[in-house]
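Trainee: need a 3D model of the following:
(2 chains)
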Amino acid sequence: MAKKKRPVIEREEVVVKFVGDSGDGMQLTGSMFSDVAALVGNDLATFPDFPAEIRAPQNTVAGVSGFQVHMGSSKIFTTGDLVDVLVAMNPASLRANLKWAKKGATILTDTDAFEEKAIEKAGYKQSPFSDNSLESYNMIKAPITTLTKESLKDQGVDTKTAERSKNMFALGILYYIFNRDLKPSFKYFEEKFKKKPELININKIVLQAGYNYADTIEAIESVIQVAPAQMTKGRYRNITGNIATAWGLLAAAERSGRPLFLGSYPITPATEILMELARHKSLGAKVFQAEDEIAGICSAIGASFAGAMACTSTSGPGLSLKSEAIGLAVITELPLVIVNVQRGGPSTGLPTKSEQSDLYQALFGRNGECPVIVVAASTSDNCFYYAYMAAKLSMEHMSPVILLTDGYLGFGSALFRIPKMADLPPILPPIAKPNDPEFKPYRRDAETLVRKWAIPGTEGLRHRVGGLEKENITGAVSTDPINHQVMVDLRAQKVEKVADFIPEQEVNGPTEGDLLVVSWGGTYGAVHSAVSQMQKEGKNVSHAHFHYIMPLPKNTGQLLKGFKKIVVCELNSGQFVNYLRMKFPMPNFYQFNKVQGLPFMINELTDNFNQLLEDK
Amino acid sequence: MDFVNMTVERSSVQLTKADFESDQMVKWCPGCGGHAILSAVERVFPKIGYRKENFCLVSGIGCSSRFPYYVNTYGIHGIHGRAAAISTGVKIANPRLSVWTVTGDGDSLAIGGNHFIHVIRRNVDLNILLFNNQIYGLTKGQYSPTTPMGKVTKTSPQGTIEHPFNIGELVIGAQGTFFARVPDNNINLMTECMFDAAKHDGTSVTEIMENCIIFADKAHAEVTGKDVKDQNMLILKNGAPMLFGKNNDRGLILKDTMLEVVEIGRNGVTVEDILIHDQYSKDPGIHLMLAKLAPPEFPMVFGVIRSAMFPTYDDLVEEQIKYAKETSKIRNVDDLLNSGDTWEM
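Mentor: Presented below is the predicted three-dimensional model:
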């Protein structure tokens, strides 16, 4: 096909967002668009943004579903703050997302969807095309529904099917704008619709029609080229945080030789971990969908006692339900990984939105003196590594570990450099040997204070554990006051000693100076980008992003002392900053918090950090 | 009484009661039914014949749930109500264990009701020993889900206003495949039923009508007391007519759709007319009717009421894993990491 000669504009990075009604297929469109970007070598991060309801009322703002892609020719750290290209399939989605569009952004709309009733339902007083609200944007107003039907008129397709493929028409237009090859998507259709071959052709035709249409219209003045990124050499794939978490657990099971057991109950945004592990029975994963959150963790504790690498996955409200059982895992000193994909709370809160407000719950939310190891992933792809490390620490230190991720990491995706299993650190669970004459349930390793894992079925190691306090070493039930103190102290010291086995805290920038920015968990990308930007401007600012929360890396106190001001940024009301204040009482902690179910924007961070640098 | 569950490894030597006695002091009240149950378990385990390391006891919270400490096996004393869930994890993770869940009426039917019905529905291969003393003992005398309506307890000073569960009815309603009921004062029957429970593949529930001498003394005496047991207890035997009474002169027949008590020799009734017990019947109809019988109109039924063969959850788990291993291209995590769309950069 003859392509018009249009100027090609090179861009280092671009943010594209697809928005429409739930059911318009925006998730699929966005995923296909990002897969093609990845194939040509762009780095990228994606984030789906969808309502809690499966099909909210049609054409309302509540029913808007979106998928954002940030792609670039350099390393991408966030899913992007403001959008360069917005695809809005109906008035409600335009109204809900216009605030995220950069001035001058390209906006593609389906004009067929902008009929009176839909405009009214979206909450507009008049059509946004007839007021001046869209003046400062590069509008591509295309009758997408009509053109889609037109393109299929010889195919004998019913109207409903034709209308449903309009998202592919929009995608075709986007492929033109970004100078993309259609072949990978054709291949994708052939795979996806193997069992419904008629759909292969329909989708191909519509995608091609959209592409051809874009070639003919005046509204597109130039095409955008995003060059391949310079990435560390290796094999890559696109991965969401939840899938990466599931795979990290599988990897830990394989490496440790302990079979994986997951006991879980469906809960947004953690369900994908349960679904993904259920698919991998060929790796020996035993996945139990329990009757509730409590049964999820209790079955995992039983499995752990029986010798499995046991896990349970959940989100905030589910973690609340699991609290008592976590205490049982603490007192029985059994390995257990509890994955908490955090969401907005309290209570049911904002199930599909992200927050970091379960940190207190992870650290302190149990009865009694009940320390657990707490680890937090920071990117969608490193969920793999931190899930692996959570399992490793849990087994090697015979302690429950809470792994904190969040909805933003879990649903979001990033490029993942595929590791080789052999390159991952070994996992060596302290399994008791048959007939070990020295074995006692609570006899500990002198250095790590870790007890042995004596697996039922093993000869000569019969023993009982349980929720009642036990006598040190022998494991007999004991209410002796001094013994209780000893056991409380030992359980705490055992967790503190994990600090000897985790890396020291790294700093991006000088190790002393005017301002240290501290963050943890899923905010890494935004905070890193903000600090890097300021460092490029010559500002005296450093960044420490924490992955190990309990215990903290050994050099944490020393590190904090090097700075005049420390600002801790979190998507909660200040939970990590208060934890640091408790551990390191110093007067120079500042905090920057946001609890809106949204990630940090880079400019709101830089504004705050600049202000702190200016205030003497 | 021979059987082999192929999954659980058998002991190469004949074990005895002593092999299962723990060194822990048994702290139940003198006269508590728990002592007899403990003795029955210590008797039945060597008979079952598995390696002693392959028994695993799991319990929740309550007087009953101290049980694992008193038996020398692998054991885990869990949290209130969750023994069934913990046991499920133990069995799925390690099907080579013979898992025994020790629980009570409060533990399993109140706080743990959800796990109780679901473990039964799934038919996980566990043996649940449910000590039913119709009272909360460890917290000193509050009514439980099996306390008879109207009973005065510390939290029902005017008598309870709750309908109690009939455990057999609940088990069968939850699609239970095995239910037995035994009194704590008949150690032979207890041992026989526990053995049958062990033999059964799937979730077995053995209700032990236990006497709490302190807070609900003689709660079961109207049925199991020496003076009344002949007329109020019908002990089932598979394949035998459902007879009871001092001289086995009374029995059960099916009249229309209901069970009825008849006297042998009266109105021309002979032993031939009496229902024959089929514990293996898959249809639970008669089993449910039997489980619900109670004095004064009927005897209460004891022994193995139901023991029907259905696939077990843990077997199905293993089957699915085996099939996936045979058919999947993904054989290890390296395969998984490199599956689907990947590319060199």
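Trainee: and A:Ser413, backbone torsions?
Mentor: Main-chain torsions, A:Ser413, degrees, to the nearest 10: phi -130, psi 160.
Trainee: now do it, the pLDDT please.
Mentor: pLDDT, A:Ser413: 95.
Trainee: ok, now the one 4 residues further on?
Mentor: Note for A:Arg417: predicted pLDDT of 97.
Trainee: the helices in the stretch 151-300 of chain B, which residues?
Mentor: Taking DSSP state H, counting those that start in this stretch to define them, one finds helices in the stretch 151-300 of chain B at B:167-173, B:187-199, B:221-224, B:229-232, B:285-292.
Trainee: now swap in the stretch 1-150 of chain B and tell me
Mentor: Under the criterion DSSP H, counting those that start in this stretch, the stretch 1-150 of chain B carries helices at the ranges B:34-48, B:83-93, B:105-106, B:113-122.
Trainee: out of these, flag the one nearest B:Gly62.
Mentor: Proximity to B:Gly62 (CB to CB) singles out helix B:105-106 among these, at 5.7 Å. For glycine as for every other residue, the C-beta is placed from the backbone atoms N, C-alpha and C.
Trainee: thinking again about what came up before, okay, the helices of the stretch 1-150 of chain B in JSON lines with mean pLDDT, mean neighbour count and distance to chain A next?
Mentor: Below are the helices of the stretch 1-150 of chain B laid out as JSON lines (pLDDT from 0 to 100; neighbours: other CB atoms under 10 Å in any protein chain shown; distance: least, CB to the nearest CB, whole Å):
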{"stretch": "helix B:34-48", "mean pLDDT": "97", "mean neighbour count": "21", "distance to chain A": "12"}
{"stretch": "helix B:83-93", "mean pLDDT": "98", "mean neighbour count": "32", "distance to chain A": "3"}
{"stretch": "helix B:105-106", "mean pLDDT": "97", "mean neighbour count": "29", "distance to chain A": "16"}
{"stretch": "helix B:113-122", "mean pLDDT": "98", "mean neighbour count": "22", "distance to chain A": "4"}
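Trainee: looking at these, which is closest to A:Gly562?
Mentor: It is, among these and with distance given as CB to CB, helix B:83-93, at 46.8 Å.
Trainee: give me the angle between that closest one and helix B:113-122.
Mentor: 40 degrees (axes from the mean of the first three to the mean of the last three CA atoms, to 10 degrees).
Trainee: against which helices or strands is helix B:83-93 packed?
Mentor: Under the contact criterion of 3 or more CB pairs under 8 Å, 6 or more residues apart in numbering or on different chains; DSSP states H and E, helix B:83-93 touches strand A:260-264, strand A:286-289, helix A:293-305, strand B:55-59, strand B:98-104, helix B:113-122, helix B:313-327.
Trainee: and A:Arg55, which of the helices of the stretch 1-150 of chain B is closest to it?
Mentor: Relative to A:Arg55, the nearest member of the helices of the stretch 1-150 of chain B by CB to CB is helix B:113-122, separated by 30.0 Å.
Trainee: mind listing what's buried along stretch B:143-150?
Mentor: If you call a residue buried by 16 or more other CB atoms under 10 Å in any protein chain shown, then stretch B:143-150 has these buried ones: B:Tyr143, B:Ser144, B:Pro145, B:Thr146, B:Thr147.
Trainee: can I get the CA coordinates of it in CSV?
Mentor: Extracted C-alpha coordinates of stretch B:143-150, given in CSV (Å, rounded to 0.1, in the frame of the first residue of the first chain):
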residue,chain,number,x,y,z
TYR,B,143,-23.8,-23.5,75.3
SER,B,144,-22.6,-24.8,72.0
PRO,B,145,-24.2,-25.5,68.6
THR,B,146,-25.1,-29.0,69.9
THR,B,147,-26.5,-28.0,73.3
PRO,B,148,-30.2,-29.1,73.4
MET,B,149,-32.7,-26.3,73.2
GLY,B,150,-33.8,-25.0,76.5
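Trainee: got the contact list for that stretch?
Mentor: Residues from elsewhere that reach stretch B:143-150 (CB atoms under 8 Å, 6 or more residues apart in numbering or on different chains): B:104-106, B:109-110, B:113, B:132, B:134-136, B:151, B:153, B:155-156, B:159-165, B:167, B:216, B:219.
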